[in-house]
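Participant: sequence isn't available, so here's the structure alone:
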């Protein structure tokens with residue numbers, strides 16, 4: 001899979017990623033209109049003195065500024081590729097673990113530093129975003145290398161640059177959430193307490209609600225232009241064969257097989273897993289991953 005493609009366009013087979021992106025936008029935009037960004041992040045006073053639990057929730061979803069919202073949503077959109085690789089149930093565990101651990105590490109950092117210059121920390125799903133850089137570094141291969149002004153770069157460099165921009169977007173106040181996310185991602189990869197074996201069942205009602213709210217990112221289906229058999233350059237029989245092949249590619253089973261093959265599984269295993277799961281791509285990918 002190419003490192004920069006992110007797989008199929010839109011949120012096809014990535015309902016949990018779509019829910020996180022929509023939640024981040026819904027939390028960020030209303031508070032932005034009210035100019036209350038600086039009140040959303042974690043601070044020593046809000047945690048250890050006034051105990052404002054609501055700020056813990058807003059700190060995990062609402063970005064602190066419009067540039068951070070843009071870069072953050074772009075990275076969340078790209079990292080949906082991991083949900084397609086491990087399945088929605090395991091990806092939900094990844095989100096819950098990394099965001100929870102990241103918040104706990106931020107609270108510990110505030111308690112240790114007790115520095116007013118860090119109050120409040122910048123808000124947003126930094127834990128999830130920077131935890132995703134861990135599998136991005138280890139599991140996403142480099143597909144192309146090139147030079148710009150004498151610098152040797154690869155296709156993954158642009159994702160790293162976007163991450164650096166987000167990491168230092170608010171100075172020291174954004175560094176702590178970013179580093180907390182990276183550490184949470186490393187703990188998940190080390191399989192602390194067997195966390196990678198767990199699966200969190202995602203309710204269908206929750207994903208359907210967010211699918212209705214995902215109007216900026218509709219599910220796009222691409223179709224080729226119909227082939228005219230009257231074209232003088234294409235014989236009638238060849239045109240008919242191409243139309244039959246095109247119809248076959250629109251078959252849902254073939255589409256699901258193509259999705260699994262794009263994840264790196266061989267076609268025979270993909271067909272067998274889809275047959276066992278009644279053409280459920282998420283369940284089929286989980287079966288194939290557990291069989292490896």
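Facilitator: Received, thanks. Nothing here was measured: the structure is a model prediction, and the numbers come from that model.

Participant: return the residues in contact with the closest residue to residue 277 other than its chain neighbours.
Facilitator: Take residue 277 and drop its neighbours on the chain: the residue closest to it by C-beta to C-beta, 6 or more residues apart in numbering is residue 283, 3.9 Å away. For glycine as for every other residue, the C-beta is placed from the backbone atoms N, C-alpha and C. Applying C-beta atoms under 8 Å, 6 or more residues apart in numbering to residue 283 gives the contacts 87, 273, 277.

Participant: recalculate using a threshold of 10 Å.
Facilitator: Shown in contact with residue 283 (C-beta atoms under 10 Å, 6 or more residues apart in numbering): 87-89, 273-274, 276-277.

Participant: give me the distance between it and residue 143.
Facilitator: 29 Å (C-beta to C-beta, to the nearest Å).

Participant: what's the answer for residue 121, then?
Facilitator: Residue 121 is 35 Å from residue 143, by C-beta to C-beta.

Participant: higher neighbour count, those two?
Facilitator: When residue 121 and residue 143 are compared for neighbours, residue 121 comes out ahead with 26 against 13, by other C-beta atoms under 10 Å.

Participant: contacts only, for the more buried one.
Facilitator: Taking C-beta under 10 Å, 6+ apart as the test, what residue 121 contacts is 40-44, 59, 64, 106-107, 109-110, 170, 172-177, 180.

Participant: which regions of this protein sit below the pLDDT cut-off?
Facilitator: 1-8, 31-39, 44, 46-54, 116-119, 199-252, 286, 290-292 (pLDDT under 70).

Participant: got the domain boundaries for it?
Facilitator: 15-197, 225-291 (automatic domain parsing).

Participant: how deep is residue 150 tucked in, by neighbour count?
Facilitator: As a burial measure, residue 150 scores 5 neighbours (other C-beta under 10 Å).

Participant: buried residues of the longest helix along the chain, list them for me.
Facilitator: Criterion DSSP state H: the longest helix present in the chain is helix 88-113. Neighbour-count burial for helix 88-113 flags 88-95, 97-99, 101-103, 105-107, 109-110 (criterion: 16 or more other C-beta atoms under 10 Å).

Participant: how much space between residue 126 and residue 271?
Facilitator: Counting by C-beta to C-beta, the gap from residue 126 to residue 271 is 40 Å.

Participant: quick one: which of those two has more around it?
Facilitator: Remark: of residue 126 and residue 271, residue 126 carries more neighbours, 35 against 18, as counted by other C-beta under 10 Å.

Participant: tell me which element residue 271 falls in.
Facilitator: helix 267-276 (DSSP states H and E).

Participant: of the contacts of residue 283, buried ones?
Facilitator: Counted by 16+ other C-beta under 10 Å, the contacts of residue 283 give 87-89, 273-274, 277 as buried.

Participant: CSV for the contacts of residue 283, including distance to residue 136?
Facilitator: Listed next are the contacts of residue 283 as CSV, based on distance: C-beta to C-beta, whole Å:
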residue, distance to residue 136
87, 18
88, 19
89, 21
273, 25
274, 27
276, 30
277, 27
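
Participant: out of the residues you listed, which comes closest to residue 147?
Facilitator: residue 87 (37.9 Å; C-beta to C-beta).

Participant: where along this structure do the helices fall?
Facilitator: 15-33, 44, 53-61, 66-78, 80-86, 88-113, 126-139, 157-167, 172-189, 204-212, 236-249, 252-262, 267-276, 281-291.

Participant: for residue 198, find the nearest of those.
Facilitator: Taking the helices of the chain one by one with C-beta to C-beta, helix 88-113 is closest: 4.8 Å.

Participant: who are the packing partners of the closest one?
Facilitator: helix 15-33, helix 44, helix 53-61, helix 80-86, helix 126-139, helix 172-189, helix 281-291 (3 or more C-beta pairs under 10 Å, 6 or more residues apart in numbering; DSSP states H and E).

Participant: can you rerun that using 8 Å?
Facilitator: With contacts defined as 3 or more C-beta pairs under 8 Å, 6 or more residues apart in numbering; DSSP states H and E, the packing partners of helix 88-113 are helix 15-33, helix 53-61, helix 80-86, helix 126-139, helix 172-189, helix 281-291.
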